[in-house]
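Enquirer: My questions are about this predicted structure, shown below with the sequence.
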Amino acid sequence: MIVLPLATPSDYPCRILVCVTGMSPQVVTETLYALAVQQTPAFVPTEIHLVSTAQGAEQARLELSAQGNDQIGSLCRDYGIDRSHIRFDESTIHVITDSQGRALDDLRSPSDNNDAADCLVRTLRLFTDDDETAVHVSIAGGRKTMGFFAGYALS
């Protein structure tokens, strides 16, 4: 039996927004606004995942999470998006680690960049492996190399 893909990404039961972020996590709310408010049909993710350094992840927790400034919740309230159907929590923030499992504070060396590339490939492989999942990846945030690696992983 041949299974045809669903008509549009918004038709998928699981819709994941993946963002690479650095010290300015507003790229997440800007992308969410573009997808869920400006785009027709709207793409409202069921999950938001971030890939970042330890410092970027902490900044995202402070700005985006319900335990912090809750910018995602504010955007959802302002535009009538049901926040209860969007999973964003500690488990959806992926911190880049080195080969020994230590969290990286920043990407400063070729080795750090290799670790970032490995993390992005592993994360995106996990999400794109499910035929019932639509994945939107924002490459706008973080270091330029992070965006490049995310785009490269998709290719």
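Expert: Nice, thanks for sending it over.
Enquirer: hey, let's count contacts and neighbours off CA atoms from now on
Expert: Fine.
Enquirer: and the residue most central in space within the chain, what does it touch?
Expert: Compute the mean C-alpha point of the chain, and by CA atoms, centre = their mean the closest residue is residue 18, 2.2 Å away. By CA atoms under 8 Å, 6 or more residues apart in numbering, the residues touching residue 18 are 48-51, 135-138.
Enquirer: For it, list each beta-bridge partner.
Expert: Going by DSSP bridges, residue 18 is paired in beta bridges with residue 49, residue 137.
Enquirer: and it, how far is that from residue 124?
Expert: Using CA to CA, to the nearest Å, residue 18 is found at 8 Å from residue 124.
Enquirer: try residue 118
Expert: Using CA to CA, residue 118 is found at 10 Å from residue 124.
Enquirer: Could you pull up the residues touching residue 23?
Expert: By CA under 8 Å, 6+ apart, the contact list for residue 23 reads 55-56, 59-60, 142.
Enquirer: how does it look with 7 Å?
Expert: 55-56, 59 (CA atoms under 7 Å, 6 or more residues apart in numbering).
Enquirer: Test for you: state the pLDDT assigned to residue 36.
Expert: As summarised for this prediction, residue 36 has a pLDDT of 96.
Enquirer: looking at it, it is touching residue 42, isn't it?
Expert: Yes: with contact defined as CA atoms under 7 Å, residue 36 reaches residue 42; the gap is 4.7 Å.
Enquirer: show me where the protein has helices.
Expert: 26-33, 54-64, 71-79, 110-128, 144-154 (DSSP state H).
Enquirer: and the ones you listed, which one is worst for confidence?
Expert: helix 144-154 (a mean of 88).
Enquirer: how close does residue 35 sit to residue 105?
Expert: 30 Å.
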